[in-house]
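**Q** When you get a sec, could you give me coordinates for this:
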Amino acid sequence: MWWIATTVMLAVGVTGIYSTTKEWKRGRRFRARAVRVPGVVVDLSWERGTSDGPHLGMPVFQYHTREGHPMQAKDPVGTNPPRFRPGMHVAVLYDPEEPYRAQLEGSIGLGKGMNVVGFLLSCLALVGGLTSLAGELALT
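**A** A predicted model of the protein is given here:
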């Protein structure tokens, strides 16, 4: 029975560390390439953060690329109550190589706290799994 728990802890730890590290790298690459332009919030898209969590107001915004192309995007970070309201003028960061990938400058960093918590919990799961494995191997 301990093999199942140890295997699950190791899998959760490794997967969590991999996914949070990948997300940090993706965010860092985006911020390094991002271009800042003015935009305006045009709507809120209400979505559930998790299957049983509260609805989050995800701002939908419009902006123009530096080349003048009109774009519309939904910010990947939502809050309740919403931080942005329709009609608000905002700073938009977009990737010039993929101009449809954009987010509001004011929401950058809001997801970092959850990434840090996820990373730390993943490290704890990995250490727990390794400790369990070492303890069982020492008994045999």
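
**Q** for the record, mean pLDDT for the longest strand seen in the chain?
**A** Criterion DSSP state E: the longest strand present in the chain is strand 35-48. Mean pLDDT, computed over strand 35-48, is 93.

**Q** so what strands line up beside it?
**A** strand 55-64 (antiparallel), strand 89-95 (antiparallel) (DSSP bridges).

**Q** Which strands and helices lie in contact with the helix or strand encompassing Thr21?
**A** Per DSSP states H and E, Thr21 falls inside helix 2-33. Applying 3 or more CB pairs under 8 Å, 6 or more residues apart in numbering; DSSP states H and E, we find helix 2-33 packed against strand 89-95, helix 112-139. The way it works is simple: take the backbone N, C-alpha and C, and place the C-beta from them, glycine included.

**Q** Restrict the shortest one to CA atoms and write it as PDB.
**A** The one in question is strand 89-95. The C-alpha coordinates for strand 89-95 follow below in PDB (Å, rounded to 0.1, in the frame of the first residue of the first chain):
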ATOM      1  CA  HIS A  89      -8.700  52.600 -20.400                       C
ATOM      2  CA  VAL A  90      -5.900  50.000 -19.800                       C
ATOM      3  CA  ALA A  91      -2.400  49.200 -20.800                       C
ATOM      4  CA  VAL A  92      -2.200  46.100 -22.900                       C
ATOM      5  CA  LEU A  93       0.800  43.900 -23.400                       C
ATOM      6  CA  TYR A  94       0.800  41.800 -26.600                       C
ATOM      7  CA  ASP A  95       3.300  39.500 -28.300                       C
END
